[in-house]
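1. no sequence on this one, just coordinates:
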């Protein structure tokens, strides 16, 4: 599918700017004797603005959990430097502009992500199904800024219960394959002795992820 969105909103300086946001995705399915289904999904999103500003915060792309790359909490995937360390924002204190703190960049103006998922029956007559999946995704400020270490990978398994034989209740557990820094020293912006990401996370939802 293709979604093209025009956004007229305030930029970081408080002036109005015009943004165009493009979100492309595809899904494909292969069924084996109508019992086992292999699903594939891919997505790419990016944006442009007249003044070259970043998208407004509520329009920026995010990854993690149901929004893509299970095993991470919702919005838990960061942007990354070529070294593999997360990118950070320097944030000034509104009460004292001389005070600066640092936080991880957990959104972006561009995104890529995809999934390969195998779905199979567990108790077919009782409408219980299982799944095994591999997820991948990365965030950046532009498609050209993406690199190998931008991408995060997870694998996992889950169960589905079809309510009324039609609407799936979904419970997945994803495992992060490459655990990285999950925090930064707020005062210095350094990653020395940084806390590592959790090994994985549960993800619950209604309907399939794609």
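-> Arrived safely. Computed from a prediction, not measured in an experiment: that's the story for all the values here.
2. Was I right to think residue 103 contacts residue 86?
-> No: contact criterion CB atoms under 8 Å: residue 103 and residue 86 do not qualify, at 9.6 Å. (C-beta placed from N, C-alpha, C; glycine too.)
3. what residues are shared contacts of these two?
-> Residues touching both residue 103 and residue 86 (CB atoms under 8 Å, 6 or more residues apart in numbering): residue 184.
4. With neighbour numbers in mind, choose between those two.
-> Taking other CB atoms under 10 Å, residue 103 and residue 86 do not tie; residue 86 has more neighbours (21 against 15).
5. The nearest residue to that one once chain neighbours are set aside: helix or strand, and which one exactly?
-> With CB to CB, 6 or more residues apart in numbering as the criterion, residue 86 has its nearest non-adjacent residue at 4.1 Å, and that residue is residue 78. Assigned by DSSP states H and E, residue 78 belongs to no helix or strand.
6. quick one: residue 78 and residue 84 touch, right?
-> No: shown here, residue 78 and residue 84 do not form a contact pair, counting by CB under 8 Å, at 10.8 Å.
7. okay, these two: which has more neighbours?
-> residue 78 (27 against 13).
8. and the residue with the largest distance to the centre of the chain, how far is that from residue 118?
-> What lies farthest from the middle of the chain is residue 125; by CA atoms, centre = their mean that is 34.1 Å. Plainly put, residue 125 is 21 Å away from residue 118 if you go by CB to CB, to the nearest Å.
9. same deal with residue 19?
-> As judged by CB to CB, residue 19 and residue 118 stand 38 Å apart.
10. which of the two has more neighbours?
-> Each of residue 19 and residue 118 has its neighbours counted (other CB under 10 Å); residue 19 has more, 21 against 15.
11. Might you report the residue contacts of residue 81?
-> Counted by CB under 8 Å, 6+ apart, residue 81 has contacts 87, 149.
12. Am I right that residue 153 is in a helix?
-> No: membership of residue 153 in a helix is not supported by DSSP: H, G, I helix; E, B strand; the rest coil, which gives strand.
13. which residues pair with it across the strands?
-> residue 136 (DSSP bridges).
14. How far away from the center of its chain is the one helix or strand in the chain whose mean pLDDT sits lowest?
-> Ranking every helix and strand in the chain by mean pLDDT, DSSP states H and E puts strand 88-92 at the bottom, with a mean of 87. Relative to its chain's centre, strand 88-92 lies at 21 Å (CA atoms, centre = their mean, to the nearest Å).
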